[in-house]
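In: predicted structure and sequence below. I'll ask about it afterward.
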Amino acid sequence: MLTVESNYQGDYEIYSVDFVTGELLNLTNNAYAQDYEPTWSPDGRFLAFVSESQGSSDLYLLNVTTGSTTNLSQSASTVHNYYPAWSPDSRYLAFEDNFKIVVMDTESQMLRHYDQTNLYWLTWSANSEFIVFTSTGTGMNPGLSTWNVNVLSPKNGNVHKLVNFQTDNADYFNAPFAPVRLVWLSDIAEILIFRKYPGGPEYAIESFDLETGEVRRLIDRVTMLNMLQLSPDEDKLMFSDSKDILVLNPENGVITKFTENFHEQVFLSAISPEWTEIAFNTYETPNRLYFMGIDDKEPYHFLDLPVFRNFAWWPQCP
């Protein structure tokens, strides 16, 4: 099942979508408040989302079984950079709040805070023991910022800087398309780094070996990244640029176009956790939700929905 943000009832809420009828079921039900940015735990038991129901932009956790919600951030600001990231075992949720990395244990409901600076893009190792993230600093050259790639061990709070890059200062606030984005492969020793070129919309895709420090260039230039998701066996990485949905083989750097026979420009996209089908909309028809099987050449189904934006698959539902 897919969840989407829609404001067709006046304010943005998070809904589940019936693939047959297109009917929307309201999951958040916060009248006169904005709810957005749904992020599901891998086991489908919890939904993290941002809500303005208390006047500020706070990160909430919805327990799907009980229907209860918990405010995790309680921020006094309307500006948020939460970047919620679930550990693969679904036990921990990491997010950024007021320049701290916060890790919540879903079993004990305890929150632990780790001081950092200007965080972007958190992601977990496959064994749920480490978090890799990017942070920013002042560049050595005027007009440039330094982006550091770091590893945090939540058990002891130790942080280790792996590598850094420089980008335009203009890219500093370019979320959600942050200049450096990360995907951690399950062998623990390799991180895929998506790094923005200074002065342009293009990214390089590189592999970083945590043991040797070697950086291996996989792809030289792709334009604007969205939806980074590894296949379950990690032999493919799907992402979208400003035109197409693409599939990368991390071993050899070969890219194939998933939407090669589709003639509209892809806008937002999300692939199911099992890698069986993908949902997306386009710049030309933003309120039309397309569905494709992973082996299909063209969309097999679509729904015309009320105004909607970010969407995410619900892992436990067909």
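Out: Looks like it came in fine.
In: tell me the bridge partners for Ile219.
Out: Listed by DSSP bridges, the beta-bridge partners for Ile219 are Ile205.
In: so it sits right up against Ala204, yeah?
Out: Yes: with contact defined as Cβ atoms under 8 Å, Ile219 reaches Ala204; the gap is 6.6 Å. The way it works is simple: take the backbone N, C-alpha and C, and place the C-beta from them, glycine included.
In: for Gly22, give me its contacts.
Out: Residues in contact with Gly22 (Cβ atoms under 8 Å, 6 or more residues apart in numbering) are 303-305.
In: now do the same for it: its pLDDT.
Out: Looking at Gly22, its pLDDT is 79.
In: please tell me how far it sits from Leu305.
Out: As defined by Cβ to Cβ, to the nearest Å, Gly22 lies at a distance of 6 Å from Leu305.
In: could you point out the helix or strand that follows the helix or strand hosting Tyr60?
Out: Using DSSP states H and E, Tyr60 maps to strand 58-63. Counting by DSSP H and E, the next helix or strand C-terminal to strand 58-63 is strand 69-71.
In: buried residues in that following strand?
Out: For strand 69-71, burial by neighbour count (16 or more other Cβ atoms under 10 Å) applies to Thr69.
In: check stretch 275-292 too.
Out: 277-282, 289-292.
In: could you do stretch 100-107 as well?
Out: Neighbour counts over stretch 100-107 (16+ other Cβ under 10 Å) mark 100-104, 106 as buried.
In: wait, which of the residues you listed is closest to Lys155?
Out: For the buried residues of stretch 100-107, the residue nearest Lys155 by Cβ to Cβ is Val103; the value is 10.0 Å.
In: turn the buried residues of stretch 275-292 into JSON lines, columns for secondary structure and pLDDT.
Out: Output for the buried residues of stretch 275-292, formatted as JSON lines (DSSP: H, G, I helix; E, B strand; the rest coil; pLDDT from 0 to 100):
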{"residue": "Glu277", "secondary structure": "strand", "pLDDT": "86"}
{"residue": "Ile278", "secondary structure": "strand", "pLDDT": "88"}
{"residue": "Ala279", "secondary structure": "strand", "pLDDT": "88"}
{"residue": "Phe280", "secondary structure": "strand", "pLDDT": "88"}
{"residue": "Asn281", "secondary structure": "strand", "pLDDT": "85"}
{"residue": "Thr282", "secondary structure": "strand", "pLDDT": "84"}
{"residue": "Leu289", "secondary structure": "strand", "pLDDT": "87"}
{"residue": "Tyr290", "secondary structure": "strand", "pLDDT": "89"}
{"residue": "Phe291", "secondary structure": "strand", "pLDDT": "88"}
{"residue": "Met292", "secondary structure": "strand", "pLDDT": "88"}
